[in-house]
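How does the following fold in three dimensions:
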Amino acid sequence: MEISLIRTYFPGCTHGEIYHEEQLICYTIELAWRKNQRFVSCIPEGRYELAKRLSARIGWHIEIKGVAGRDLILFHPANHAEQELKGCIAPVSEITGCGKGLKSRHAFEKLKAIVYPRLKTGKVYLIVQS
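All right, here's what the predicted structure looks like:
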């Protein structure tokens, strides 16, 4: 299975839309493109495998595997990219400003409801493009 993240780049942030089978799942907020620098940039466009991951701080979330020069890139709830993200992607229900959104936990639950069942039976890939 594949899900697509269609991005729009801005000088101070990156916004996106996640689709599965041509249906919008949610929006995303990320850090701006800063040449894939750790902790300050969104990840490069490409195709990445997704996996379920548990951490003490965040709980269950989705890991984006195989990002060149990076590790522990995750989908997790956040409503303000600059304050809450270090290269990860935050699903949001609505974008309210550059790198800002609302109802991230709700959007994340929608994404998990599509991705988690498919991970039990096969692989899931994220296609990141502009």
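
dump the residue contacts of the closest residue to residue 73 other than its chain neighbours.
Nearest residue to residue 73 in three dimensions, chain neighbours excluded: residue 64, at 4.4 Å (C-beta to C-beta, 6 or more residues apart in numbering). No exception for glycine: its C-beta is placed from N, CA and C like everyone else's. Neighbouring residues of residue 64 by C-beta atoms under 8 Å, 6 or more residues apart in numbering: 43, 48-50, 73-75, 89, 126.

Can you flag the buried ones in these?
Using 16 or more other C-beta atoms under 10 Å as the burial test, those include 43, 48, 50, 73-75, 89, 126 as buried.

which parts of the strand or helix carrying the residue nearest to residue 73 are buried?
Residue 64 belongs to strand 59-65 when assigned by DSSP states H and E. The neighbour-count check on strand 59-65 (16+ other C-beta under 10 Å) flags 61-64 as buried.

any chance of the residues you listed in TSV, with pLDDT and distance to residue 31 too?
Shown next, in TSV, are those (pLDDT from 0 to 100; distance: C-beta to C-beta, whole Å):
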residue	pLDDT	distance to residue 31
61	92	17
62	97	18
63	97	17
64	98	14
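
quick one: low-confidence parts of the protein?
Counting by pLDDT under 70, the chain shows no low-confidence range.
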